[in-house]
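**Student:** sequence first, then the predicted structure:
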Amino acid sequence: MRRSTPLPRASHASSQLGSVQAMPRVRHEAGLRYATSHEGSRLCLEACATRPKLVVFDLDYTFWPCYCEMYEADHPPRVFEAALGVLQALHEHDVPVAVASRTPTPDVAWSFMRQLHVVERFCNVQIIPAQDGCDHVTAQKDLEHFPNLKRETGVAYEDMLFFDDEAQNVTRVSRLGVSCVLVDRKTGVHHHALREGLVLHAQKKRSHAQGTSSTAEDRPRTV
């Protein structure tokens, strides 16, 4: 009787091969996200007659897709590629950019930024320690981060544009007069969020120049 030969099991090496072959595709998709966001942001900025004098980013789930406190400082960081595209476009159009972040591990946040080579892109970095990631008592952005930014940069609140993934931060900071956009924590900052922020900022500046204030225009945007 003729025996059937069993099919060999995939070896660990061959299973790894599939992952290796998928890596160029992953890098290609990441590159597309960066390029699309960069080009979209560039076009938005060129079409904007009234640009903010300072754009401020939160970090966790706004610039990178994680809570940095969950990692050690030497861990290789991930990043929202689209956020890098926005950052590059702002740099090319000479729009100053700052950071306003609350975290119990400032050393990890600084390490992530250094590994991503973006520290030099920020004119001011406000990373203030919090008791924990869910702390809504200490290190509040409307009481600490933004007063520090106003004092150290000389930029008025009404000339700032802020992106954050936490509704409470956006609501509180918007009361200062800052134009605020609540970003989707699944995508972080991208060119669509930048466009919404630029439109909101321009509308608020126009209303203030006319001596009027619209509740709808002053309300933070969500993307």
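**Tutor:** Alright, I've got the coordinates.
**Student:** any regions of the protein where pLDDT drops low?
**Tutor:** Low-confidence segments of the chain, defined by pLDDT under 70: 1-26, 132-138, 212-223.
**Student:** break down it into its helices, ranges please.
**Tutor:** 12-47, 81-92, 106-115, 146-153, 167-174, 191-209, 215-218 (DSSP state H).
**Student:** ranking those by burial, who's on top?
**Tutor:** helix 81-92 (a mean of 22; mean count of other CB atoms under 10 Å). In this view, the C-beta of every residue, glycine as well, is placed from N, C-alpha and C.
**Student:** helices or strands next to that one in the packing?
**Tutor:** The contact analysis (3 or more CB pairs under 8 Å, 6 or more residues apart in numbering; DSSP states H and E) places helix 81-92 against helix 12-47, strand 54-57, strand 97-103, helix 191-209.
**Student:** and the closest residue to Val173 other than its chain neighbours, how many neighbours does it have?
**Tutor:** Nearest non-adjacent residue to Val173, counting by CB to CB, 6 or more residues apart in numbering: Asp142, 5.0 Å away. By other CB atoms under 10 Å, the residues close to Asp142 number 18.
**Student:** so who does Glu72 touch?
**Tutor:** Taking CB atoms under 8 Å, 6 or more residues apart in numbering, we find Glu72 in contact with Val108.
**Student:** from Asp107, how far out is it?
**Tutor:** 9 Å (CB to CB, to the nearest Å).
**Student:** and if you look at Arg172?
**Tutor:** Distance from Arg172 to Asp107, by CB to CB: 26 Å.
**Student:** could you do Val119 as well?
**Tutor:** Val119 sits 13 Å away from Asp107, going by CB to CB.
**Student:** related to what we said a few turns ago, can the helices and strands packed on helix 81-92 go into JSON lines with extra columns for distance to Ile127?
**Tutor:** Formatted as JSON lines, the helices and strands packed on helix 81-92 follow (distance: least, CB to CB, whole Å):
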{"stretch": "helix 12-47", "distance to Ile127": "24"}
{"stretch": "strand 54-57", "distance to Ile127": "11"}
{"stretch": "strand 97-103", "distance to Ile127": "5"}
{"stretch": "helix 191-209", "distance to Ile127": "21"}
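**Student:** right, and those - which one's nearest Tyr157?
**Tutor:** The closest of those to Tyr157 is strand 54-57. By CB to CB, the value is 9.6 Å.
**Student:** that closest one pairs with which strands?
**Tutor:** Here strand 54-57 is paired, per DSSP bridges, with strand 97-103 (parallel), strand 160-164 (parallel).
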